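Q: give me coordinates for this.
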Amino acid sequence: MAPESEDVSSAVPADASPSRGESGNSRMTPEERISALTDGLHQILESAVESPSQWQVLLDASATLWRYSGGNVALLMMQMAQRGTDEPTLVAGYKEWARHGRTVLRGEHALWVIAPRTARLQQVTLPDGTRQRIPAGERVPHGAVDDGKKTVITGWRGQAVFDVSQTQGTPLLVPRGGAESVLDVAELCESLATVAGSHGFNVDVTDAQYGLTSGFTDFTHRRVQVGAWLSPEERATVLAHELGHVLLHGPDDAVGRLYGSSADHRGLAEVEAESVAYTVLKAHGIDRGPQSATYLAGWADAVIDAEKDAMAHDAGSRLPASRADIAKSVLGRVTAASRGILEITHPPGFGGKITSFDVDPRVSPSAAYVGVEQPLRSVDGPVMAGP
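A: Take a look at the predicted model:
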């Protein structure tokens, strides 16, 4: 069953939607759609700076939809909120839902995300040593060495998707926010240490920093120190925070330097690191909201300070300068770092993408079945819900 024509106007705030053309056709061109989605995203991020509590709301959604970019998480939240429906939990395109035995309900309108437009190119090295890319399948220039094919991003497009709540059919276990963690915290700590190791850092659980700091990242000796006196959950939180520094604030990171030195514990660097920790722990069912509140509450002030710092750079600098661009950069960096960690720690659930069901079917006992009538409830089993 096909859905009704997709309502593009609901993908963005009303004042960001292009007006209907003289022809009376309300459908957007691809360029108009990308422009409208981008404008809508900027409005969300500007609102998050004006109302700092919205930053934590974005992180909560990112913990559920961690396989999506931060910008697309924000767009999905906005569109669902405009329709007065629940927050998105599991999102896929029309054909992908059909592949998993579910159909989009009649009358449902698509949600829109920004997706890359890609092309398959062939890389070659010319006789003079220069490298060149040519369309895949074209004849390689005489004397050139074929370096293989590569997929590159050539632009951006709007992609229509639907949340699981907009579908019906084969029951699926869907992760629900706020579920208790089924992963042993000690196991989570081991997984986080594995992440550190994959980036060339050793984790040292020690009393060396007792009375000074619970955790510390040493880029010179490529070592992360975590307090031995901490409880297992606190140790996991501190380690996730320090991994945020490892992934985002290396000495060669120009954006990280703009946002403040993590060694000085100031600026957006600390907000970024704590946001990574909050998102990772939340994805594993551990809510550190009260403990992270002090860091996250400073989000707006840190963005504004970074905006002032950016103004002092040369006009030709490619670093983000406006508060909306800085907020977008921070959200993208935080969600990318969180995704890199969660792909190794494997939290329960699907991370918001139905395609991950094929890769990692691990689910939380406190998930929700969708598409099952008259459910049977169990104290320890799944909670049944859905159309």
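Q: and Gly101, what does it touch?
A: Counting by C-beta atoms under 8 Å, 6 or more residues apart in numbering, Gly101 makes contact with Gly169, Thr170. For the C-beta atoms, the positions are set from N, CA and C on the backbone; glycine is no exception.
Q: what segments of the stretch 251-387 of the chain are strands?
A: Using DSSP state E, counting those that start in this stretch, the strands of the stretch 251-387 of the chain run over residues 368-370, 383-384.
Q: which of the ones you listed has the lowest mean pLDDT?
A: The minimum mean pLDDT among those belongs to strand 383-384 (a mean of 26).
Q: got the confidence number for Arg377?
A: Per-residue pLDDT puts Arg377 at 30.
Q: numbering from 17 from now on, please.
A: Will do, 17 is the new start, and the previous item becomes Arg393.
Q: and Met94, helix, strand or coil?
A: Assigned with DSSP: H, G, I helix; E, B strand; the rest coil, Met94 falls in the helix class.
Q: residues near it, how many?
A: Residues lying near Met94 (other C-beta atoms under 10 Å) number 21.
Q: hang on, isn't it packed against Ser63?
A: No: counting by C-beta atoms under 8 Å, Ser63 is not a contact partner of Met94; they are 9.6 Å apart.
Q: so which elements touch the helix or strand harbouring Arg136?
A: Using DSSP states H and E, the element containing Arg136 is strand 127-141. Under the contact criterion of 3 or more C-beta pairs under 8 Å, 6 or more residues apart in numbering; DSSP states H and E, strand 127-141 touches helix 46-66, helix 86-98, strand 147-151, strand 161-179.
Q: closest one to Asp269 among the ones you listed?
A: Proximity to Asp269 (C-beta to C-beta) singles out helix 86-98 among those, at 17.5 Å.
Q: helix or strand right after that closest one?
A: Counting by DSSP H and E, the element after helix 86-98 in chain order, helix or strand, is strand 107-108.
Q: ok, longest helix in this structure?
A: Longest helix of the chain, by residue count under DSSP state H: helix 339-361.
Q: buried stuff in that helix?
A: Judged by neighbour count using 16 or more other C-beta atoms under 10 Å, the buried positions of helix 339-361 are 339-340, 342-347, 349-351, 353-358, 361.
Q: what's the answer for stretch 115-124, then?
A: Residues His116, Arg118, Thr119, Val120, Leu121, Glu124 are the ones in stretch 115-124 that count as buried (16+ other C-beta under 10 Å).
Q: dump the residue contacts of the closest residue to His58 other than its chain neighbours.
A: In this structure, His58 finds its nearest non-sequential neighbour in Ala340, 4.5 Å apart by C-beta to C-beta, 6 or more residues apart in numbering. Counting by C-beta under 8 Å, 6+ apart, Ala340 touches His58, Leu61, Glu62, Val65.
Q: just to be sure, Asp220 is in a helix?
A: No: counting by three-state DSSP, Asp220 is located in no helix; its state is strand.
Q: list the contacts of the nearest residue in space to it that is not next to it in sequence.
A: In space, Asp220 comes closest to Gln241 once its chain neighbours are excluded; the distance is 5.0 Å by C-beta to C-beta, 6+ apart. By C-beta under 8 Å, 6+ apart, Gln241 lies in contact with Asp220, Val221, Thr222, Ala224, Gln225, Gly231, Phe232, Thr233, Asp234.
Q: now the residues you listed as JSON lines including pLDDT?
A: Below are the contacts of Gln241 laid out as JSON lines (pLDDT from 0 to 100):
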{"residue": "Asp220", "pLDDT": "93"}
{"residue": "Val221", "pLDDT": "93"}
{"residue": "Thr222", "pLDDT": "89"}
{"residue": "Ala224", "pLDDT": "81"}
{"residue": "Gln225", "pLDDT": "76"}
{"residue": "Gly231", "pLDDT": "90"}
{"residue": "Phe232", "pLDDT": "89"}
{"residue": "Thr233", "pLDDT": "91"}
{"residue": "Asp234", "pLDDT": "91"}
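Q: turn these into a markdown table, columns for distance to Leu284 and neighbour count.
A: Formatted as a markdown table, these follow (distance: C-beta to C-beta, whole Å; neighbours: other C-beta atoms under 10 Å):
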| residue | distance to Leu284 | neighbour count |
| --- | --- | --- |
| Asp220 | 27 | 15 |
| Val221 | 28 | 16 |
| Thr222 | 28 | 14 |
| Ala224 | 28 | 11 |
| Gln225 | 23 | 16 |
| Gly231 | 18 | 23 |
| Phe232 | 19 | 20 |
| Thr233 | 16 | 21 |
| Asp234 | 21 | 14 |
